[in-house]
Structures are given as C-alpha cells and as structure tokens.
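for reference, the sequence and a predicted model appear below.
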Amino acid sequence: MAEHNAEALKKRKEFEAQALPHMDALYRTALRMTKNEKDAEDLVQEAFVKAYRFWDKFDSGSNCRAWLFKIMTNIFINDYRSKSRSPMAINMDDIDDNFLYGQLAVGSKESNPEKDFFNKIFDDDVKKAIETLPDDFRLVVILSFLEGFSYQEIADITDLQLGTVKSRLHRGRKLLQKELFEYAVRNGYVKDNV
Amino acid sequence: MIDCQQAFALLQEILDKEASQIDEKQVRAHLEKCGHCFEKFRLEESIQAFLNEKIKATAQSDFKSDKLESLRLNLMDQLDEIDSECSKQSKSLFGNSLKIFLSAAALVLLAGVWYVSAGFFTHQEYYIPLEQAHWKASDDISLYTENIDKANYLGEIERDLHYSLNNSFADYTFVGGKKEQIMGADFEHIVFSNNTDYISIFISDGDTIEIPEELQSTMIKNGNIELFDHNCRGCRLVFHKLGSLLIITASTNRDIDLTKFIPGQLTI
C-alpha cells in the first residue's frame, strides 16, 4: 500500500510539472473553440481529468502539449461541437482565392494598400470573425494561427488527413479574410482606387 | 525556375511556414523577377502576420488570470478525488483500458447530471450532490451488471413502477442497472450500450420531482409523453414526463437523438 501511495504521489508530481503549465494555452484555445467561458472551463477541466486518468499512457518522451490538445480536441469534437454546421454546408465556390487581394490591391495607387484596411479592423472584429467560422474550420485555424502547431501536429491532434488539414486551413483563411473585409467596410473602409 | 502558377501553389505553405527550404528559395527567386507575384505574396504575408498577431492579442485580452487560478484549484480538487479513489481500489482496475474508458465516460456523464441537479434543482430541499453520492459507484460498469439478474431486474421495475422497459432499442441493448438516489429521489439507473456509446436511463416515480421551469420551453410532445431536451457539460439529457413517472435519458454522445429514445411504455 505504501508503495502504491509513493507511486501515486510520483504520478501526481509528474502530471503537475509536465501537464499543468499548458493550462493557459488549453484554456485560451478552449475559449475560441467553444465561444463561451462556461463551456471553455468545463472543456479544460474534462481534458485535464481525462489526461490525468490516462497519464500512464502518455509517452514521456513525446510532446505533452500536443497530447493534451489531442485529448481536449477529441472531447470538443465529440461533446461540444454543434452538429448543425458541417463543412459541406458551406458553399466554397463563391470565395475566390484572390478575393482580398483583388479588393485591396488591384487598382490601388498606394504602396501598402492593406494599411487602411488594417486600420479599420478592430480587435473585436477579429474575435467575431473567428467565431463565425464553422467549427471544423475554426478548429484548425486556431490550432495553426493561435497555437502555431504544424500541419502534421494538427493532423495528429484532430485525427484528420494531412490534406484535409491543409484544405481546411486554406478555406478557413479565405473565409476569415472575406469576413474581415466585410467588417472593415462596415467600419468605414473605402478603397483608395480612384 | 518555377512559374507564377507553381509559385502560387506554394503560397499556403509559405504563409504557414511549412514550405521546404528548396521550395521557399525557388518562390523567393520567382518573386524577385515577377512584380505581380511579389505584390501578391507581400500582401498575403502582411495579412497573415496581421491575423496571427490579432488572434494572439485578442485571445490574451480575453484571458482572466483569476479564472485560470480557480480552474487550477478546481482541478486539484478533482485530482485529489481521483487519487483517493485509486488508493482505495486495487491497481488492477487501472490495467484495464475498457474500465478506464468507462470511468472517464461516467465521470463526464455524472458531471453533466450533477450540473443539471446543481443548476436546476438547488431550490429543492432534498438535493444531494451527485458527485458525492455516486461518483465511485458509477466509475465501474460492473456495479450495474454483476449483482443483478437481468430478466428479474426488468420485471421488478415493471412491477414497482408499472413501466415495461425494452430489452433493446435500435442497436442499443440493456446492459445492467441498479437503484440510486439522485436529487433526493429514488431512481433506477439503467444502462444501455451499443458497445461504443453508453446511454443511461434514470427512472423515478416523478411525484417527488418537478420539471424545472427553465426546461419548460424545450418541451416536445410525443403522444402522451412530454420531452424536455437539454445539453450540458458534454452530456445530452432528455427528461421524459410520462404520467407520474420521470425518466431521464443521458448520453455523453450528443449526436444520439435521445428524444427518439423512449426506453419502454407504461403497463397500466
């Protein structure tokens, strides 16, 4: 029994030292995934409890942060993701790859045509634009843009094919650009191309 | 030498810093010669840098450090509970991955039920915190399967509650069950499974429990059954009001349409 307690104590110490420092990153991402504080807190709690229960399955030589994100993403996909929005429901045809480039650069006399555009985008717009993305796209966009995971890491975390990660990231980026352009126009952005 | 189309094909990798050194070098060489591509890449990279910065900045400003601290303390409590659980149980339990899966599922499920009970039933004087009353019992599915005679168990429910439970529903079959006290009332907790997901069904003579006002707006009528649909904390819960019976179906898989999962029928 004493031996067992010592082992349990060691596990707890290891977990606290290796996993807990990633709590802020997980919470930050959970906020953007779930779009509300309550769910984000629950999601992070559930992820850490699960991680603790599975701690003996964690390969100590591997990347703990990615492992924790995988657990959290899994719970998010299974339990939190809204069912109503599937990536298939989005019509991607109307998003031109060069949409924002065309809007900003073509015909502009400015050397940095994006400067006025950036000035018309407020922090809240960026938050809203991210939250407007359908869950599947938002997930890879956050993992890439916010957390800086590589394609391969995102594929491991989300259990998606590398190609799917790339295409969702590509589409997510285009959706985001389009959304932000609309916000900028609403905030008074006028193209200087006369 | 690569052309505009080939350069453009590598744009995403460049923006995501995933392009190989060779590819990146070739693209940069192309950009030096092609003004159109140069401007396009410059703009895209500038937008990407802006986005990355803004996304990080807004995520940071949303962040409340006191919230993180309370999260951490909460988690410590939960870990303490898991630790004390483990020290009481034999180690062999944790060598079995199915049981670990089940305990994780039960944990989430009970957290969900507990939340509903805490959030919606606190005004009721017979409220009992589920996390104390049922935590350990529900960690282990064997408690729902070992000590019952399956056929008799369903018979008893029918005799006591006048409710006849189905043996199976769609691809879910009856796994086991036991009596539990939830929210101060006696419930039969019956477990159905399709080997992947678990559905818990709680049945009580509902005279003691009222459907909370907050759930009234979710009511769907299905014949003589009133259904109240609710999602919380990774759980989907549907409250059925049938005569004097209260039946709660719950699953951690929110995609299961529990409003269609009517586990049985009244026998009078």
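Good, I have the coordinates.

alpha carbons only for contacts and neighbour counts from here, please
Will do.

what's the separation between the closest residue to chain B within chain A and A:Pro134?
Proximity of chain A to chain B (CA to the nearest CA) peaks at A:Asp79, 4.7 Å away. Going from A:Asp79 to A:Pro134 by CA to CA, to the nearest Å gives 16 Å.

higher neighbour count, these two?
Neighbours per residue (other CA atoms under 10 Å in any protein chain shown) separate A:Asp79 from A:Pro134, with A:Asp79 holding more: 23 against 19.

identify each buried residue in whatever helix or strand B:Met76 lives in, please.
B:Met76 is part of helix B:65-88, with elements assigned from DSSP states H and E. Using 16 or more other CA atoms under 10 Å in any protein chain shown as the test for burial, helix B:65-88 gives B:68, B:71-72, B:75, B:78-79, B:82-83, B:86.

those also near chain A: which ones?
By CA under 8 Å from any CA of the partner chain, the members of the buried residues of helix B:65-88 lying near chain A are B:68, B:71, B:75, B:78-79, B:83.

tell me if stretch B:5-23 is near chain A.
Yes: Stretch B:5-23 reaches chain A (CA under 8 Å from any CA) through B:12, B:16, B:18.

name the residues of the worst-scoring helix or strand of chain A on mean pLDDT that come out as buried.
Taking mean pLDDT, DSSP states H and E as the measure, the helix or strand of chain A with the lowest value is helix A:99-104, at a mean of 78. Buried positions in helix A:99-104, judged by neighbour count with 16+ other CA under 10 Å: A:100-101, A:104.

ok, back up a step: now, the residues of stretch B:5-23 next to chain A that are in helices?
Under the assignment DSSP state H, the residues of stretch B:5-23 next to chain A contribute B:Gln12 to helices.

in the buried residues of helix B:65-88, find the pair that's most separated.
B:Leu68 and B:Cys86 (26.5 Å; CA to CA).

counting contacts, what elements does the helix or strand where A:Lys10 lies pack onto?
Here A:Lys10 sits within helix A:2-18, counting by DSSP H and E. For helix A:2-18, the elements it packs on are helix B:65-88, judged by 3 or more CA pairs under 8 Å, 6 or more residues apart in numbering or on different chains; DSSP states H and E.

tell me the domain ranges of the chain?
Using chain A. Following automatic domain parsing, one gets these domains for chain A: A:2-80, A:87-186.

sorry, should have said chain B
B:4-61, B:104-266.

these: lowest mean pLDDT?
Note on the domains of chain B: domain B:104-266 shows the lowest mean pLDDT, a mean of 66.

so what does the helix or strand hosting A:Leu169 touch, helix or strand wise?
Using DSSP H and E, A:Leu169 sits in helix A:162-186. With contacts taken as 3+ CA pairs under 8 Å, 6+ apart, helix A:162-186 sits against helix A:99-104, helix A:114-119, helix A:123-132, helix A:135-141, helix A:151-158.

one more time with 7 Å, if that's ok
helix A:123-132, helix A:135-141, helix A:151-158 (3 or more CA pairs under 7 Å, 6 or more residues apart in numbering or on different chains; DSSP states H and E).

so what pLDDT did the residue most central in space within chain A get?
Computing the C-alpha centroid of chain A and ranking residues by CA atoms, centre = their mean puts A:Ile142 first, at 1.6 Å. pLDDT, A:Ile142: 95.

what sits against it?
A:Thr29 (CA atoms under 7 Å, 6 or more residues apart in numbering or on different chains).

repeat for the one 10 residues further on
Taking CA under 7 Å, 6+ apart, we find A:Gln152 in contact with A:Leu162.

so B:Thr249 touches B:Leu237, yeah?
Yes: counting by CA atoms under 7 Å, B:Thr249 touches B:Leu237, with 5.6 Å between them.

which residues does stretch A:47-66 contact?
Residues contacting stretch A:47-66 (CA under 7 Å, 6+ apart): A:15, A:19, A:22, A:68, A:71-72, A:157, B:104.

before we move on, back to that, closest one of the buried residues of helix B:65-88 to B:Arg42?
B:Leu68 (38.4 Å).

please report phi then psi for the spatially closest residue to that closest one that is not a sequence neighbour.
Closest residue in space to B:Leu68, ignoring its immediate chain neighbours: A:Asp24 at 7.0 Å, by CA to CA, 6 or more residues apart in numbering or on different chains. Reported as degrees, to the nearest 10, the phi and psi values for A:Asp24 are phi -60, psi -40.

if we can go back for a sec, from the chain's centre, how far out does the least confident helix or strand of chain A sit?
24 Å (CA atoms, centre = their mean, to the nearest Å).

could you list the alpha-carbon positions for it in CSV?
C-alpha atoms of helix A:99-104 as CSV (Å, rounded to 0.1, in the frame of the first residue of the first chain):
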residue,chain,number,x,y,z
PHE,A,99,-10.7,37.8,-53.1
LEU,A,100,-8.9,40.0,-50.6
TYR,A,101,-6.0,40.6,-52.9
GLY,A,102,-8.4,41.8,-55.6
GLN,A,103,-10.3,44.0,-53.2
LEU,A,104,-7.2,45.6,-51.7
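
can you redo the residues of stretch B:5-23 next to chain A as CSV with neighbour count?
Listed next are the residues of stretch B:5-23 next to chain A as CSV, based on neighbours: other CA atoms under 10 Å in any protein chain shown:
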residue, neighbour count
B:Gln12, 19
B:Asp16, 19
B:Glu18, 16
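
in JSON lines: the residues of stretch B:5-23 next to chain A, plus distance to A:Leu31.
Below are the residues of stretch B:5-23 next to chain A laid out as JSON lines (distance: CA to CA, whole Å):
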{"residue": "B:Gln12", "distance to A:Leu31": "26"}
{"residue": "B:Asp16", "distance to A:Leu31": "23"}
{"residue": "B:Glu18", "distance to A:Leu31": "26"}
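
what's in contact with stretch B:187-196?
B:171-181, B:198-204.

pull out the buried members of the residues you listed.
B:172-178, B:180-181, B:198-204.

all strands of chain B, in order?
B:163-165, B:168-169, B:172-182, B:185-193, B:198-205, B:219-222, B:225-232, B:235-242, B:245-251, B:264-266 (DSSP state E).

any chance of those strands in TSV with distance to A:Gly61 as columns?
As requested, these are exported to TSV (distance: least, CA to CA, whole Å):
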stretch	distance to A:Gly61
strand B:163-165	50
strand B:168-169	45
strand B:172-182	39
strand B:185-193	36
strand B:198-205	34
strand B:219-222	51
strand B:225-232	36
strand B:235-242	34
strand B:245-251	35
strand B:264-266	51
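
quick one: closest of those strands to B:Gln60.
Closest among these, once you apply CA to CA, is strand B:225-232, at 26.5 Å.

so what's A:Leu162 up against?
Contacts of A:Leu162 (CA under 7 Å, 6+ apart): A:151-152, A:155.
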